[in-house]
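J.: A predicted structure for the sequence below; I have some questions about it.
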Amino acid sequence: QVQLVESGGGLVQAGGSLRLSCAASGSFFSLGAMSWYRQAPGKQRERVAVITSGGNTNYAESAKGRFTISRDNAKNAMYLQMNSLKPEDTAVYYCNADARRNYGSTYHNYWGQGTQVTVSS
């Protein structure tokens, strides 16, 4: 089983910055792609950014130029640096990761419990 724990959320004024962290622990051989998702009240969960195990990244249009996703494979961790935050960035942010138990085994997908980000105007 894999546990994903997010941290770094909070309340920030518009224009400010936050850095989210996701720590993976448990029984797994390696992590594959890792992503940040968010869900605002009354809206569907959406992917904000994804990073492969090799470091390739992709961002939602709303995040391009403001957010930076990164990972530290040695620490089994992922980060999301969020700058120039806007009130519309307010949401619960979730860590998502693919992990496999053994070399060559199938990847399974896991979710964290989320961290609240609130941006005031």
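T.: Yep, that arrived. Numbers count the residues shown, from 1 in each chain.

J.: dump the residue contacts of Asn4.
T.: Wrong residue type there; residue 4 is Leu, not Asn. Going by C-beta atoms under 8 Å, 6 or more residues apart in numbering, Leu4 touches Cys22, Ala23, Ala24, Cys95, Asn96, Ala97, Tyr110, Trp111, Gly112. Using the backbone N, CA and C atoms, a C-beta is placed for each residue, glycine as well.

J.: One more: Trp36?
T.: By C-beta under 8 Å, 6+ apart, the contact set of Trp36 is 20, 22, 47-50, 69, 78, 80, 93-96.

J.: re the thing from before, which one of the contacts of Leu4 sits closest to Glu61?
T.: Set against Glu61, the nearest of these by C-beta to C-beta is Asn96 (19.0 Å).

J.: By neighbour count, which of the contacts of Trp36 wins?
T.: Top of these by neighbour number is Met78, holding 28 neighbours under the definition other C-beta atoms under 10 Å.

J.: which element is that one on?
T.: strand 77-82 (DSSP states H and E).

J.: quick check, distance from that strand to the centre of its chain.
T.: The chain centre lies 6 Å from the centre of strand 77-82; the measure is C-alpha atoms, centre = their mean, to the nearest Å.

J.: got the contact list for that strand?
T.: Contact with strand 77-82 is made by 17-24, 34, 36, 48-49, 51, 66-72, 89, 93, 95, 97, 117, as judged by C-beta under 8 Å, 6+ apart.
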